[in-house]
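1. Requesting a structural model of the entry that follows:
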Amino acid sequence: MNIQPVATSSAPYNGPGAYPTAPSGGPPGFDQYSRPPQSTTPTAPYPGQGYGGPPLVVASSANVPPPVEHMAGPAAYPTPHAQQASMVEAPRPAAALNPLATTTQDLRSVKTSTQFALREYLSLQRKRSRLDGATSLELENQIRTQGRILLGDLKFLRKEVGVLIKDGENHRWRNWLIGGAVATFIPAVKRIFRRPSDKSEDQVQASNGTEYAFWRSKALVARIKDSLLGRNSFASIAFFVFAVLYVFTNEVSLQVAKTVSKRLKRLSAKIERGDSEVVEQDMKLLEGWRWRVLMWVHQVHPIPFPAGERTRHTINILHHRGVTVPLFVRSSICVILFHKSSSIKMKNKKRRYSSEEPRQPSDASLQNAIHHAGCGSSNIRPQLPGTHADSYYRNLYSIEPDFGKMGREDPSFGAMLKRGNLDFNDPAAVMQLTKTLLKIDFGLRIELPEDRLCPPVPNRHNYILWLKGLLDSTTYDPPDQRIVGLDIGTGASCIYPLLGCTQRPWSFFATDIDPKSLACAKKNVEFNDLQNRISVVARTPQDRLIPLDEIGVDKLSFLMTNPPFYTSEQDLIDSAKQKSRPPLTACTGAPVEMVTDGGEVSFVGKILKESLQLRERVQWYTSMFGKQSSLEEFVNILREKDINNYAVTEFIQGNKTRRWAIAWSFGPMRPSAEVARGLKASVWKKILPMAVESEVVSFPLDTGAGKLGDKVQELMSSLDLISWEWDREKLVGVGRAREIVWSRAWRRRKMREDREGKPANVMMDSEVCQFGFGVTLQIGRESIVVHCRWKEGHDQAIFESFNGFLKTRLTGL
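-> The predicted structure is shown next:
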């Protein structure tokens, strides 16, 4: 069965009643942005619409996929290879299909992309070193492919730095001349407009030439001293200092750029030769004060087209983003761009990039500047996805939004306010709120039909935050890896994939059964230039919910869904009648988004049934619930199926709105306690998963963290582990074991085999990990606590045994 995408995006199911009511007519607090889950079952493809094609797999001649260059969305990626501990790692695509590619390719984005590539290359080399010579052909191919990608990024980055060098050299004499003119400006003015002296030089009587020369020299020194230290001396000194700084800045940036270029050249040669390993020290070549200097210089680097055209282009982008540009702002933009235009041309030729397209201002940069010029916030929205942006997104909705400030930043939202309040009974106002939050906080633009659900942004954002923690805590690899996910039930907003791609370098497949929602989702993805990272696939109610084979992928990192909330339309009506008062927030959802047979438990149950067949082809199966009873019922179903690797959490937004989420996996990787046991109240104890963290033993501070760390390192090194890595600075260690190698039974068996000369157990030569763990030393005010974290494995008894071993061996210290 061939699946054909209709759009390039994904959005979750939205349910009614997401916005809680408040006694007053004004906003009830920030919980108004949450709502019950959305609805629907996946939809079928439209006839005649072709999907970009699955990754390259063995196929019959009758069904040969198109070349990768013709693929769209995540299908453009090669089939993800299996990672350690079943973690899905989608290989980085070709440069033309790079999900992180920006339209402007400025120095900052190129540097960030190069850092990602270098970090991934370093990670692959470390993985090869851990295998101790048993490197697989697949891993070697990955290293070579990543090396070529990295060399391309380094070459382009060096070319960008070279442009700065050329600009600096071309303008060197101009800067010296301008600096000299500025330094001599005040003295020259004073010289021209000075008052005539009472006694002219011609009137000076000198008895001989020596006396006349002495008088002239004394007068010259007096004039110089008066120009610098006399009246208006502050202006003279200020102009002189400014001139020195003007010249000095160019000279320093020029030398810094040359140094950076030489280092990039050496690193490129090192990778190209392949005669030595890339080390952590090489990562520092892309960091430090030199890059800060170059970034500062690049901020004032010209955009390569005439000032008038640049002004129009900038203002057009502002209008495209819904921002009204006053006349004085237009004048300011024109002055700034015209000031920069003097350094645009190089030998009467406009600078062009590899794509032969003129470089244009970044929409993201303009959005960011507009946003923070209006709000004056120091919490600047990141322009590129990655873990470096996590702190910004984590704290986005820790406090209620300021509607007044939002109205000043977005005039369309300001027009909806009445005395600083928003009418949540007005569907247009609720829809504009969602658009404005996405625009200001995430740099996203969306359009929504009036007869489809309008998702509350904070509630959807909480789901993405939880997913990030779930994925980050269940892998040994760096968090900024390529992740491919599936959003089941994409609505018109496509909000989940849009939020996910904004925060991390992820890619999405998304499914839905509603043609109108699919069409709108496609537009929303195109609005945000994410066609290479989000693909919307049409489904029918009779199709499978998890179409891995149909979309041409072998594995996924996760799937997510916000299922329909009600069992029938009558259930929806009855639920509304049972409420003490009508909902404050207008509901615009269609039945296809809000109703499904059996309700949300039945819908997620279908996913569970398919997961029992697919098992580890998807690392994490996740879903949101709108009812507390649904979560409890589904946990019991998981336990009946002997699935003990699961996670539960609660999303709380404001004082009223609560949603719940669940995730389960057939793989061995265990999420952290913060992610897996996110229900704090004691009433939830009966449904919480097994504990994965424990406090082993504590020591007084005078024991010394260094001494205790050395003891842990010595103890772990004495065990026959697959791997053990100890960070002496962070006091954190991660290890993996084939068996219970710390037990007496294992030691006795090993001694008996050695004594009898028997071959080692097959498991001894295997890389299959039975137990992965982390050991951390946490230094408090009064004590040092040893913590143990269960990271990998299926048997809780092994975790408890290891805890006992640690406690016994460390207690006597």
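2. in the stretch 251-400 of the chain, which ranges drop under the pLDDT threshold?
-> Applying pLDDT under 70 to the stretch 251-400 of the chain flags residues 275-276, 297-379.
3. Confirm for me that Y646 is in contact with P689.
-> Yes: if you go by C-beta atoms under 8 Å, Y646 and P689 touch, sitting 5.3 Å apart. The C-beta positions use only the backbone N, C-alpha and C, and glycine is treated the same way.
4. any common contacting residues for these two?
-> A676 (C-beta atoms under 8 Å, 6 or more residues apart in numbering).
5. From the domain annotation, what segments belong to each domain of the protein?
-> Domains of the chain are assigned by automatic domain parsing as 5-53+378-474+484-687, 104-196+227-280, 307-361, 693-811.
6. Turn the ones you listed into a markdown table, including distance to A213 and mean neighbour count.
-> Listed next are the domains of the chain as a markdown table, based on distance: least, C-beta to C-beta, whole Å; neighbours: other C-beta atoms under 10 Å:
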| stretch | distance to A213 | mean neighbour count |
| --- | --- | --- |
| domain 5-53+378-474+484-687 | 63 | 21 |
| domain 104-196+227-280 | 21 | 16 |
| domain 307-361 | 46 | 14 |
| domain 693-811 | 71 | 15 |
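7. can you tell me which of the ones you listed the model trusts least?
-> Note on the domains of the chain: domain 307-361 shows the lowest mean pLDDT, a mean of 39.
8. Now do the contacts for the residue lying closest to E280 once chain neighbours are set aside.
-> Nearest residue to E280, sequence neighbours excluded (C-beta to C-beta, 6 or more residues apart in numbering): L122, at 7.2 Å. Contacts for L122 (C-beta under 8 Å, 6+ apart) come out as V278, V279, E280, D282, M283.
9. What strands flank whichever strand or helix holds T622, and is each parallel or antiparallel?
-> Assigned by DSSP states H and E, T622 belongs to strand 618-625. When pairing is defined by DSSP bridges, strand 618-625 lines up against strand 556-561 (parallel), strand 657-664 (antiparallel).
10. can I have the shortest one written out in PDB, keeping just the CAs?
-> What follows is the C-alpha trace of strand 556-561 in PDB, where atoms were taken according to Å, rounded to 0.1, in the frame of the first residue of the first chain:
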ATOM      1  CA  LEU A 556      11.200   5.900  15.000                       C
ATOM      2  CA  SER A 557      12.500   7.600  18.100                       C
ATOM      3  CA  PHE A 558       8.900   8.300  19.400                       C
ATOM      4  CA  LEU A 559       5.300   8.700  18.500                       C
ATOM      5  CA  MET A 560       2.900  11.100  20.100                       C
ATOM      6  CA  THR A 561      -0.800  11.700  20.000                       C
END
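11. about what we covered before: helix or strand: which one has the residue nearest to E280?
-> L122 belongs to helix 107-130 when assigned by DSSP H and E.
12. what's the angle between the following helix or strand past that helix and helix 107-130?
-> Where DSSP H and E defines the elements, the next helix or strand beyond helix 107-130 is helix 137-170. If you take axes from the mean of the first three to the mean of the last three C-alpha atoms, to 10 degrees, helix 137-170 sits at 150 degrees to helix 107-130.
13. Just list what helix 137-170 packs against, helices and strands only.
-> Counting contacts by 3 or more C-beta pairs under 8 Å, 6 or more residues apart in numbering; DSSP states H and E, helix 137-170 is packed against helix 107-130, helix 233-273, helix 289-299.
14. returning to that earlier point: please render the domains of the chain as TSV that adds distance to W291 to the earlier fields.
-> Shown next, in TSV, are those (distance: least, C-beta to C-beta, whole Å):
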stretch	distance to W291
domain 5-53+378-474+484-687	14
domain 104-196+227-280	7
domain 307-361	20
domain 693-811	23
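15. Return the residues in contact with E782.
-> E782 sits next to P700, L701 when contact means C-beta under 8 Å, 6+ apart.
16. tell me the phi and psi of it?
-> Here is the backbone geometry of E782 (degrees, to the nearest 10): phi -120, psi -10.
17. Show me where the stretch 551-700 of the chain has its helices.
-> For the stretch 551-700 of the chain, applying DSSP state H, counting those that start in this stretch gives helices covering 569-578, 591-594, 599-614, 628-640, 673-676.
18. now those helices in TSV, with distance to G147?
-> Shown next, in TSV, are these (distance: least, C-beta to C-beta, whole Å):
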stretch	distance to G147
helix 569-578	56
helix 591-594	47
helix 599-614	33
helix 628-640	43
helix 673-676	34
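19. wait, which of these is closest to N170?
-> For N170, the closest of these is helix 673-676, at 54.0 Å, according to C-beta to C-beta.
20. packing partners for the closest one?
-> Applying 3+ C-beta pairs under 8 Å, 6+ apart, one finds that helix 673-676 contacts helix 457-472, strand 646-653.
21. ok, residues contacting that helix?
-> Contact with helix 673-676 is made by 466, 469-470, 473, 646-649, 670, 689, 691-693, as judged by C-beta under 8 Å, 6+ apart.
22. Using a markdown table, lay out those together with distance to K516.
-> What follows is the contacts of helix 673-676, written out as a markdown table (distance: C-beta to C-beta, whole Å):
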| residue | distance to K516 |
| --- | --- |
| W466 | 29 |
| G469 | 34 |
| L470 | 32 |
| S473 | 38 |
| Y646 | 35 |
| A647 | 34 |
| V648 | 34 |
| T649 | 32 |
| R670 | 41 |
| P689 | 39 |
| A691 | 46 |
| V692 | 44 |
| E693 | 46 |
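23. still on that earlier bit, just put the contacts of L122 in a markdown table and tack on secondary structure.
-> Listed next are the contacts of L122 as a markdown table, based on DSSP: H, G, I helix; E, B strand; the rest coil:
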| residue | secondary structure |
| --- | --- |
| V278 | coil |
| V279 | coil |
| E280 | helix |
| D282 | helix |
| M283 | helix |
